[in-house]
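Student: How does the following fold in three dimensions:
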Amino acid sequence: MKEIIAIIRRDKVPEIKQALEDIGYPSLTIQSVDGRGKQKGAMCAEMDSEMPESFCTTAKLKPTPSIYALEHTLPKVALYVPKRMLTIVVPDDLVTKIVKAIVRVGQTGKHGDGKIFVMPIGGAIRIRTGEAGGEAIA
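Tutor: Numbering: from 1, shown residues only. Here you go, the predicted structure:
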């Protein structure tokens, strides 16, 4: 078993959910998350569906300075971009198929498309029935 964690654009959730249903795997958990990548939250230069049109002009954040901030020159306030995190636990043989589906649907070619992480799972138990292992995730 593997756990697939995909950090994706918010507007791609319905399409990715449908793509997963189409390949026979509708089970997933979705969380709202905020984060930043290499661009350090700078989305204003390449505005897309992730941020409202007026974000660059309306975000006037005033952080409380920390000791670190007082001792260092900080170029800008760190902005965090809203994303969705999908968590999916699947049998080993479905990992490639599911990852390919997420990439195919979620890829725009722009910064902020997200990341996918795949990790091993030691075990799973369905609480309702007590089933364990692969039966618990099916």
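
Student: Return the set of buried residues in stretch 79-99.
Tutor: 79, 81, 83-86, 88-90, 94-95, 98-99 (16 or more other CB atoms under 10 Å). Every residue, glycine included, has its C-beta placed from N, CA and C.

Student: Run a quick check on E15 versus V105, I expect a contact.
Tutor: Yes - when contacts are counted by CB atoms under 8 Å, E15 is listed as touching V105 (4.8 Å).

Student: who has more neighbours, the two?
Tutor: Neighbours per residue (other CB atoms under 10 Å) separate E15 from V105, with V105 holding more: 18 against 15.

Student: quick one: the helices in the protein?
Tutor: Listed in chain order, the helices of the chain (DSSP state H) span 13-22, 55-58, 67-71, 95-106, 134-137.

Student: among the ones you listed, which gets the worst mean confidence?
Tutor: Across these, helix 55-58 has the smallest mean pLDDT, namely a mean of 50.

Student: most remote residue from this protein's center?
Tutor: E71 (33.2 Å; CA atoms, centre = their mean).

Student: ok, and the helix or strand in the chain with the lowest average confidence?
Tutor: Within the chain, no helix or strand scores below helix 55-58, which has a mean of 50 by mean pLDDT, DSSP states H and E.

Student: ok, now which ones touch A138?
Tutor: Applying CB atoms under 8 Å, 6 or more residues apart in numbering, one finds that A138 lies in contact with P91.

Student: For this structure, which segments count as strands?
Tutor: Using DSSP state E, the strands of the chain run over residues 2-8, 29-35, 81-90, 114-120.

Student: Surely V105 touches K12?
Tutor: Yes - in this structure V105 lies within contact range of K12 using CB under 8 Å: 6.4 Å.

Student: okay, who's weakest in the buried residues of stretch 79-99 by pLDDT?
Tutor: Out of those, that is L79, at 75.
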